[in-house]
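*Asks:* fold the following for me, if possible:
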Amino acid sequence: MSSHDEGHVERVMKLAEFIARREGADLEVVLTAARLHDIARDAENHAVESAKKAREILKGRDYKFVSSVVHAIEAHSFSSGIEPRTLEAKVLSDADKLDAMGAIGVARAFLYSGERGRSIHDTLKHFEEKLLRLKDQLYTDTAREIAEDRHRFLELFYARIKRELDEF
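*Replies:* This next block holds a predicted model:
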């Protein structure tokens, strides 16, 4: 079990498909990018390395299609620093962020912390630095709608765990 396992990829694909259909994005580009977005997850800059691997996997396909998929993968990561320039890249970025929110986001945050040997306090710092800021970094209206409830859950969970840690 990993915070970035096949379940994560499947959830991102479902979210990306839903958003793409509502926003009018190219479904083939979005689904291909979602399937391949974390194939180099262990690399230092996994988004850029996953994009390189995707380019190799898709070699021989239409240049525009491959370029669109590669850009979406490069730009999907919160920490890559690459701004999504296309609707398809924005959809993938949003879908990946949404999977880091809500109850699944909480579970994944603690899974990731367990994988890295982080404490509860370190995990809460991750909430402050990243998770609680995600809703303000979404690009599509559809993702912003989905994020409302998920963000509210993050806020409630964060407040509750902070309160329990400070109780006695």
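*Asks:* how about the secondary structure of the most centrally placed residue in the chain?
*Replies:* Centroid-nearest residue in the chain: residue 96, 2.0 Å away (criterion: Cα atoms, centre = their mean). Under the three-state scheme (DSSP: H, G, I helix; E, B strand; the rest coil), residue 96 adopts helix.
*Asks:* OK, contacts around the nearest residue to residue 36 once chain neighbours are set aside?
*Replies:* Among residues not flanking residue 36 along the chain, residue 54 sits closest, at 4.3 Å (Cβ to Cβ, 6 or more residues apart in numbering). C-beta here means a position set from N, CA and C on the backbone, and glycine is covered the same way. Neighbour list for residue 54: 32-33, 36, 39, 66, 69-70, 73 [criterion: Cβ atoms under 8 Å, 6 or more residues apart in numbering].
*Asks:* of those, buried ones?
*Replies:* Neighbour-count burial within the contacts of residue 54 applies to 32-33, 36, 39, 66, 69-70, 73; the criterion is 16 or more other Cβ atoms under 10 Å.
*Asks:* what about residue 56, distance to residue 128?
*Replies:* Residue 56 is 38 Å from residue 128, where distance means Cβ to Cβ, to the nearest Å.
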